[in-house]
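1. coordinates for the following, if possible.
(one chain, ligands or ions: 1)
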Amino acid sequence: MIRTRFTEMFGVQHPVVQGGMQWVGRAELTSAVANAGALGFLTALTQPTPEALAGEIARCREMTDKPFGVNLTLLPTLIPRNYDAYIDAIIDSGVKIVETAGRSPVPYLPKFKAAGVRVIHKCTSVRHGLSAEKAGVDCISMDGFECAGHPGEDDIPNLVLLPAAANVIKIPMIASGGFADARGLVAALALGCDGMNMGTRFMATKEAPIHDKVKEAIVASDERSTALILRSLRNTARVFGNSVARRAIEMEHEGKGIAEIGPVVAGSRGRLVYETGDVEHGIWSAGTSMGLIGDIPSCKELVERIVSEAEALIKGRLAGMAA
Ligand SMILES: Cc1cc2nc3c(=O)[nH]c(=O)nc-3n(C[C@H](O)[C@H](O)[C@H](O)COP(=O)(O)O)c2cc1C
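-> Numbers count the residues shown, from 1 in each chain. Modelled structure (predicted):
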């Protein structure tokens, strides 16, 4: 067992988190993560309506009696979302843990606080972590440049970002981006964090509700297989480095704007990747941690392996060095 401020605060067995993942964070994966003793998050905006989210929460409850949370991503979307209605669905369903990301969660904190919901805010810089802490969130998930999805525009990898954040942030902190194994967990703890968050690693698990060909593509890829798109629009996303990503980057170099690039990088095309297994069909998020992923275990096998190897590493190799 590895006990940290995170496991204490959220009442989970292991200091391991499965962060929100658009189209991937559904009940099958989140319940499997919860049953493995880690903390999983359903992804609110994967559900088309707040009512559908309430249904997905109920479905997840049927599959686990362990704690799980809901990710609420506050990024601009093509279809405007009624965040307040999604928040009501979360609160009315009795969910007590929320992961916010994308923008400041401050306007929504009073509602969460009043309902006794604990908020983990995911951000990509020390200054945003500090503001979120000051505003009253319970925990920070700090996403370094390695991560899948939106790493921000500062390009600071976790070897510097995490200890810099730990120097000033007092509340529990989760390390995110580039983590996939026991060595990552031990490093996260050594760098001043209370646990680690993984996205890409959890995609390549048996329970992830995506096509096997996508999981196999992750296993076959390495740490150089991602691409950074939308840098020119200051909305950088780290995605799987396929022909669509290369085309988007080409268009950026040609000086094209969101009106032209938008349809190429549309989420609806990415969604079909997960359904059909055609990894070239659209843009889909994936991180540099692909270089560390070599199999497709169950969530239980993965979490148990990570925790037991981390314990062995701490008690064996590291303790031996300090002796
Ligand atoms: C397929 C995929 C979709 C994601 N979608 C979201 C999202 O909707 N909201 C969010 O806050 N983070 C999203 N993320 C980011 C993850 O929650 C997590 O921060 C990130 O994957 C960590 O980096 P890693 O992939 O190296 O573990 C996504 C990641 C992946 C791989």
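2. which residues are in contact with the nearest residue to residue 124 once chain neighbours are set aside?
-> Counting by Cβ to Cβ, 6 or more residues apart in numbering, the nearest residue to residue 124 once its immediate chain neighbours are dropped is residue 152, at 3.4 Å. C-beta: built from backbone N, CA, C; applies to glycine. Each residue near residue 152 by Cβ atoms under 8 Å, 6 or more residues apart in numbering is listed here: 123-125, 143, 236.
3. intersect those with the contacts of the ligand.
-> With Cβ under 6 Å from any ligand atom as the criterion, those include residue 143 near the ligand.
4. can you tell me which of the contacts of residue 152 has the most neighbours?
-> With neighbours taken as other Cβ atoms under 10 Å, the top of these is residue 143, carrying 28 neighbours.
5. tell me what that residue is bridged to.
-> As for beta bridges, residue 143 partners with residue 176 under DSSP bridges.
6. who's in contact with residue 25?
-> Contact analysis of residue 25 by Cβ under 8 Å, 6+ apart lists 18, 40-43, 46, 71.
7. meant to ask about residue 207, not that
-> By Cβ under 8 Å, 6+ apart, residue 207 lies in contact with 28-29, 32, 298-299.
8. ok, now how distant is it from residue 298?
-> Residue 207 sits at a distance of 6 Å from residue 298 (criterion: Cβ to Cβ, to the nearest Å).
9. anything in contact with each of these two?
-> residue 32.
10. for the ligand, what's its nearest residue on the stretch 201-323 of the chain.
-> Closest residue of the stretch 201-323 of the chain to the ligand, Cβ to the nearest ligand atom: residue 287 (2.9 Å).
11. my guess is that residue contacts residue 144. True?
-> No. Contact criterion Cβ atoms under 8 Å: residue 287 and residue 144 do not qualify, at 9.8 Å.
12. neighbour count winner among those two?
-> When residue 287 and residue 144 are compared for neighbours, residue 287 comes out ahead with 33 against 25, by other Cβ under 10 Å.
13. just the pLDDT for the more buried one.
-> pLDDT for residue 287: 98.
14. re earlier: next, format the contacts of residue 25 as JSON lines and append neighbour count and pLDDT.
-> Formatted as JSON lines, those follow (neighbours: other Cβ atoms under 10 Å; pLDDT from 0 to 100):
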{"residue": "18", "neighbour count": "33", "pLDDT": "99"}
{"residue": "40", "neighbour count": "32", "pLDDT": "98"}
{"residue": "41", "neighbour count": "28", "pLDDT": "98"}
{"residue": "42", "neighbour count": "27", "pLDDT": "98"}
{"residue": "43", "neighbour count": "23", "pLDDT": "98"}
{"residue": "46", "neighbour count": "20", "pLDDT": "97"}
{"residue": "71", "neighbour count": "26", "pLDDT": "98"}
